[in-house]
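1. Give the three-dimensional model of this entry:
(3 chains)
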Amino acid sequence: MSWKKALIPLASVPLIILLAYGFRTDPKAIPSPLVRQPAPGFRMAVYDAGELSLETLKGKPVVLNFWASWCYPACYEEAPLLESTWRKYEAQGLMVVGVDIQDKEANAREFMRRFDFTFPNGPDPGSKISIDYGVYGVPETFFIDRQGRITHKHVGALTPALMEAQVQAILKGN
Amino acid sequence: MISTLGGFVLFFALGVTLYAVAASVMGARAGREDWLASARNAVLAHFCLVTLAIFLLEYALITSDFSIRYVANTSTRGSLTRYKIAGLWGSLEGSILLWEWLQALFAALVVARYSDRHRHLMPYVQAVLQGISAFFLLLMTFGANPFAPLFPIPPDGRGLNPLLEVTDMLIHPLLLYLGYVGFSVPFAFAMAALITGRVSEEWLTITRRWTVVAWLFLTGGIFYGGWWSYRTLGWGGYWAWDPVENASFMPWLTGTAFIHSVMIQERKRMLKVWNLVLITLTFSLVIFGTFLTRSGILGSVHAFADGPVGVMFLAFLALVLFFSFGLVAYRADRLKGHGELDSIVSRESAFLLNNVVLVGICFTVFLGTIFPLLAEAIRGTKMSVGTPYFNRVSVPLGMALLLLMGIGPLIAWGRASLNNLKRNFLKPSLAALAGGAILAALGVRQAEVLAAFVFCFFVIGTIVFEFTVGTRTRAKTTGERFLTAFATLLLKSRRRYGGLIVHLGVVVAIIGIAVSSVYKVEREQTLKPGETLSVGPYAVRFDGLAAGERPTHILVWANLMAFKDGKPLHELTPGQRFYPNQQSPFASVDARYHWNEDLYVILSAFERDGSSATFKVLINPMISWIWIGGGVILLGVIVVVLPERRLALLAIRAKAQVA
Amino acid sequence: MRSQQAAWAGSPTGASGYRGGRRAILALAWALVWIGLVIPGVAPAASGSAKADAGPWNPELEEHVREIASGLRCVVCQNLSVADSPSDLAKEMRNLVRELVQQGKSREEIQAYFVSRYGEFVLLSPPKRGFNLLVWGLPFVAILAGAWGVYLVARRWTLRREEAEPAVDPVYAERVRRDLQEREGPVGS
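-> Next up, the predicted model:
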């Protein structure tokens, strides 16, 4: 067989390589265009605590978490970590804010009671905030630095190591 | 117990299969008839073993033997027996076993049928078919063992995905698999032809009927899948250009091209390479599609779990591509066709163009399906290629195909004289234009719909023309009555007239697709009990919510009364199903299906106190024509493939009744 | 699955494992629904989840909204558009699109907004620029090339035939005769 003929079967090599490359990608991981961009502003009615807007938090690093009481088990796994981070770093100026998505108020309150949430949480009627942050699943967490820029987005339950590293990063920058 | 036994049976079957491959090839090379006979026996033994494996797994499924992981994954104690049975193809491992069983069945049928014929080709046909089987058995032995044990044994299984617990689940996958496996037979013959160098028309003539039957199953599977999706998935559509749908559509396109282009080779002995390439592409696309859906590299509705299976499929795909295209290259010298044409304006050219368009559409679907992967590899961004893209690109191509569908069957072989063109196409063209003008006068303004209709009328015109001219000529020359002449015509050249009926079915389906997608009306509204929502001539009154326990789930439904032009029409009860193992509810659609218009209602949300509910109401005009078209296609294919003798008998009986 | 919220992270379908207490959960769910339906007022009526339109029905507006929404990917579904998906998030997105349209935003502005939030991924139809031109152009290039190829091949074959022998090959003549017979009944009988 001449080398020219060998080209016929070899033409499929690029395709095989491309498909093999597919194993290295995760079809579910969609990078957010918001990372390294200014965090979109929002106003939210906080459960039992009036109103909160991102504007008023200027200069503070923020951990913005999207959750729901029906999001089991991921939201239940990370909830204690959110609360403990808040208690640990509140004195250093860190804000933890929870946005409750597509939930019933009673269920949400039960969730907050269960994990003894003391940081501000509020509902997101019409999912406006969620869409503005490009949220496609719960839980998702955004880390916002003192300049109001999003430094990192995490999808799925947070781990203590990741939380610690990201919080340190946004605490440092000023 | 069953776990060990099942695993052993599969392993043993793998050994037998590999033996069959070796004995076939060596027997053929050494000219040892006894080895070949032994290989044939091995093919049959292999079929028996895989059948035994199927029985073992079904037994485990029916008796809820949760010591087998697969059983625990796909059924619960409470499942209905028919869904326990269907659990066989409800998940990855079982579906591979079913596929392998069909593969074994087809191999056994081929061997049984041709054991004493085609002595040169058969050993290699067996080898290729058994080679494919060996892959599936390897897959089950090392990657996806349906008999894998589970410990500790759970008290109950997890059950099928609720969406699969519908009667259609019993049919749709079977049809698709039959189609996929069916194409492996012409592929195996094509490979055998290349290996032996007997690249004449022999392999084509043998596999003609196999190909048409495989095509029928694949077509049936695709239509049935659309129908299933429409009635149960609850979004009002039937086709979403999902990777798995594309995976079944691509081999369908190349398979359709193949069915057409073999006609040229049979008549003119041209296009040898092209036909080999088409059947190879078809089989490769089957494997490619299965790879896509089993590897999880593209997010898809039907994506099964990943694992080593994806890698093994990719390796097999590479092997198939290298092996088959390598053979084509190796035999290139013998494949030099002596292509000769009388004229460019001829049926040959029309068929060639039809092939270009079909393969072009296939290329488009392929490109659109893997483009997100390509974009990620090259640009590093995630992107989507979805329905708007596919519709936009495939509609003009589909139109071209439609036009060729009208021209192809009537234009003369060899050289089409002006006279031939005028005689065959003048009337249909005029009828199509007249039809288009009438529709425009009736207020159809969308250019795409008008064009689609004009082309459809044209194709229908040519088909009607062909049938009437043929019947009239026959009636005149033989003195038969018109109906008798029609029937004999149909029976005498079944391939031709059956094919035209298939075309008619395609046109009917295209009309349904065009009208239902352009003239679909939908409205979503929240209603309190007693309130009414109106869409077009219809009104839907919400009479309240109800709930009830079903064997596997809780059903919440709304009682609705549908009216048309103020008159009561039909009661509708759309609902939502709540499964204990599933987080979000599943839609339970209700609709009034009618031949010219479906009223389709989805319960999209409700308040738990029954104070209000949100409904999405769709009017889908002529969507039934798609399914009717599918039925007509089935009819046409039956005319094509029914054995002569059976038909002759029917004809005699009919004549006797008339007399 | 297509219509369901399969992609919500932490979806419990896989995580919950084998349900020994399946009956219990079923009964619980059953009780919840039943209490809510039979005894009005017990279940909280407040709901964050989407309600459809409240205002008067405006077919042109809805058609426009639908057109825009059908070009956006429902991010929690598999291959469904925001227009078709029954999921809650898609409903909210439809409402947002409607609001933006009512504010006078153009189709392009609305698309740009969604892209700035979700990335190009959210567009079901790749924008026709740069690298994406490949996916739009290649199919037509391929078909035109194919048609051109058919023309060249057909012309070569036609020429070859004319060179070879103008006389009709007897085998072929027989075939033609049979074709005619097939089409029009016995010839010359």
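2. ok, and for the longest helix along chain C, which residues are buried?
-> For chain C, the helix reaching the highest residue count under DSSP state H is reported as helix C:133-164. For helix C:133-164, a neighbour-count test (16 or more other Cβ atoms under 10 Å in any protein chain shown) marks C:134-136, C:138-139, C:142-143, C:146-147, C:150, C:153-154, C:157-158, C:161 as buried. In this view, the C-beta of every residue, glycine as well, is placed from N, C-alpha and C.
3. And these, which two are furthest apart?
-> C:Val135 and C:Arg161 (40.0 Å; Cβ to Cβ).
4. isn't B:Gly339 right up against C:Val153?
-> Yes. Counting by Cβ atoms under 8 Å, B:Gly339 touches C:Val153, with 6.9 Å between them.
5. Identify the residue nearest B:Gly234 in space, chain neighbours excluded?
-> B:Ala587 (2.8 Å; Cβ to Cβ, 6 or more residues apart in numbering or on different chains).
6. Now tell me what touches the helix or strand where the one you found lies from outside.
-> With secondary structure defined by DSSP states H and E, B:Ala587 is part of strand B:586-588. By Cβ atoms under 8 Å, 6 or more residues apart in numbering or on different chains, the residues outside strand B:586-588 that reach it are B:162-163, B:233-235, B:555, B:557, B:574-577, B:579, B:602-604, C:3-4, C:86.
7. ok, A:Thr141 touching A:Ala74?
-> No. If you go by Cβ under 8 Å, A:Thr141 and A:Ala74 don't touch, sitting 11.0 Å apart.
8. Quick check: the residue of the stretch 151-300 of chain B nearest chain C.
-> B:Pro154 (3.6 Å; Cβ to the nearest Cβ).
9. Identify the neighbouring strands of the strand holding B:Ala587 in the sheet and state each direction.
-> strand B:575-578 (antiparallel) (DSSP bridges).
10. For B:Ile344, list the residues it contacts.
-> Counting by Cβ under 8 Å, 6+ apart, B:Ile344 has contacts C:Tyr151, C:Ala154, C:Arg155, C:Thr158.
11. And B:Arg331, by the same measure?
-> The contact partners of B:Arg331, by Cβ under 8 Å, 6+ apart, come to B:Leu194, B:Gly197, B:Val199.
12. circling back to that earlier point, what's the burial count for the residue nearest to B:Gly234?
-> 21 (other Cβ atoms under 10 Å in any protein chain shown).
13. Tell me how far it lies from B:Leu335.
-> 53 Å (Cβ to Cβ, to the nearest Å).
14. for A:His152, same thing?
-> For A:His152, the distance to B:Leu335 - Cβ to Cβ - is 59 Å.
15. next one: B:Leu163
-> 47 Å.
16. Quick check: bridge partners of A:Met95?
-> Under the criterion used (DSSP bridges), A:Met95 bridges to A:Val62.
17. That one: neighbour count?
-> 19.
18. cool, B:Gly479 as well?
-> 9.
19. how near is B:Pro372 to B:Asn391?
-> Counting by Cβ to Cβ, the separation of B:Pro372 from B:Asn391 is 17 Å.
20. before we move on, back to that, ok, which of the contacts of B:Ile344 also contact chain B?
-> C:Tyr151, C:Ala154, C:Arg155, C:Thr158 (Cβ under 8 Å from any Cβ of the partner chain).
21. Now the last one: closest residue in space, sequence neighbours ignored.
-> Distances taken as Cβ to Cβ, 6+ apart put B:Leu341 closest to C:Thr158, at 4.7 Å, once the chain neighbours are dropped.
22. From B:Glu348, how far out is that neighbour?
-> Distance from B:Leu341 to B:Glu348, by Cβ to Cβ: 6 Å.
23. of the two, who's got more company?
-> Ranked by neighbour count (other Cβ under 10 Å), B:Leu341 and B:Glu348 place B:Glu348 first, with 29 against 24.
24. Could I get the contacting residues of that one?
-> Counting by Cβ under 8 Å, 6+ apart, B:Glu348 touches B:Ile264, B:Lys268, B:Met270, B:Leu341, B:Trp413, B:Gly414, C:Ala154.
25. so where is chain A shaky, pLDDT-wise?
-> Across chain A, the ranges flagged by pLDDT under 70 are A:1, A:173-174.
26. need the residues of it near chain B, please.
-> Going by Cβ under 8 Å from any Cβ, the residues of chain A near chain B are A:1, A:5-6, A:8-9, A:11-12, A:15-16, A:18-23, A:25, A:27-31, A:70, A:72.
27. how far does the helix or strand B:Phe371 falls within sit from the chain's center?
-> Assigned by DSSP H and E, B:Phe371 belongs to helix B:347-378. Here the centre of helix B:347-378 is set off from its chain's centre by 18 Å, with Cα atoms, centre = their mean, to the nearest Å.
28. so after that helix, what's the next helix or strand?
-> Using DSSP H and E, the next helix or strand after helix B:347-378 towards the C-terminus is helix B:387-407.
29. Tell me the one of the buried residues of helix C:133-164 nearest B:Phe322?
-> C:Ala142 (23.3 Å).
30. which residues does that closest one contact?
-> Going by Cβ under 8 Å, 6+ apart, the list of residues near C:Ala142 reads B:Gly360, B:Phe363.
31. for B:Leu102, same thing?
-> B:Tyr177, B:Leu178, B:Val181.
32. avg pLDDT for the helix or strand hosting B:Pro173?
-> Here B:Pro173, judged by DSSP H and E, is contained in helix B:172-196. Helix B:172-196 shows an average pLDDT of 95 in the prediction.
33. do the same with stretch B:477-496
-> 85.
34. From the chain's centroid, how far away is it?
-> 31 Å.
35. separation between the closest residue to B:Trp557 other than its chain neighbours and B:Leu560?
-> Distances taken as Cβ to Cβ, 6+ apart place B:Gly575 nearest to B:Trp557, at 3.2 Å, with adjacent residues excluded. Using Cβ to Cβ, we find B:Gly575 at a distance of 10 Å from B:Leu560.
36. How about B:Arg577?
-> Distance from B:Arg577 to B:Leu560, by Cβ to Cβ: 17 Å.
37. In chain C, what residue spans correspond to helices?
-> So, for chain C - with DSSP H - the helices run C:12-15, C:22-38, C:59-69, C:88-102, C:107-118, C:133-164, C:170-184.
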